[in-house]
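In: need the 3D shape of this:
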Amino acid sequence: MTRALFIILLALASFSIQKAQGSALIELEHYQAKHLVSAGKILSLDVTLSKSKHFCYGKLIDAHLYQEKGKWRYDLQIKSQRGQIIDLSLDASTGRPDPYKPLPSGCRAFED
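Out: Numbering: from 1, shown residues only. Predicted structure coming up:
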């Protein structure tokens, strides 16, 4: 099991409801996330991380899967190659950031 998958399993192991910007965020348990992946509604965390390295590469520190306003998203914390901690929110169905919001300034594509 990859470290990233292990981290997401831990992150999704507890169920919590949080309030943010006036709307309820629902964080899922692991079995619920697996069901969504199996049903093709969201990408797995591994696939999402593989896609994200093309625009924001780094080492995964923390990950959470939320549903907000009917859409699924991964909220990730990534340590960039330059050592910056980056908070990144991605559409869980596509692995892409919100096209109407700028990427965090620390995001850089994978560099060989």
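In: the most centrally placed residue in the chain: what secondary structure?
Out: The residue lying closest to the centre of the chain (C-alpha atoms, centre = their mean) is Tyr74, at 2.7 Å. When classified by DSSP: H, G, I helix; E, B strand; the rest coil, Tyr74 comes out as strand.
In: same deal with Thr48?
Out: Thr48 - assigned by three-state DSSP - is helix.
In: measure it to His54 for me?
Out: 12 Å (C-beta to C-beta, to the nearest Å). Every C-beta, even on glycine, is put in place using the N, C-alpha and C of the backbone.
In: out of these two, which sits in the more crowded spot?
Out: The residue with more neighbours, out of Thr48 and His54, is Thr48; 24 against 11, by other C-beta atoms under 10 Å.
In: the more buried one touches Arg96, doesn't it?
Out: No: Thr48 is beyond contact range of Arg96, at 9.2 Å (criterion: C-beta atoms under 8 Å).
In: could you pull out the helices in this structure for me?
Out: 3-12, 30-38, 45-52 (DSSP state H).
In: counting contacts, what elements does the second one pack onto?
Out: In this structure, helix 30-38 packs against helix 3-12, with contacts taken as 3 or more C-beta pairs under 8 Å, 6 or more residues apart in numbering; DSSP states H and E.
In: please apply the same query to the shortest one.
Out: Packing contacts for helix 45-52, counted by 3+ C-beta pairs under 8 Å, 6+ apart, involve helix 3-12, strand 58-68, strand 71-80, strand 85-91.
In: tell me the angle that helix makes with strand 85-91.
Out: 110 degrees (axes from the mean of the first three to the mean of the last three C-alpha atoms, to 10 degrees).
In: show me what counts as buried in helix 45-52.
Out: Leu45, Thr48, Leu49, Ser52 (16 or more other C-beta atoms under 10 Å).
In: any idea which of the helices of the chain scores lowest on pLDDT?
Out: Mean pLDDT is lowest for helix 3-12 among these, at a mean of 44.
In: give the residues shared as contacts by Thr48 and Arg96.
Out: Leu90 (C-beta atoms under 8 Å, 6 or more residues apart in numbering).
In: for this structure, which spans come out with low pLDDT?
Out: Within the chain, the ranges that satisfy pLDDT under 70 run 1-25, 112.
In: with that, I have no additional questions.
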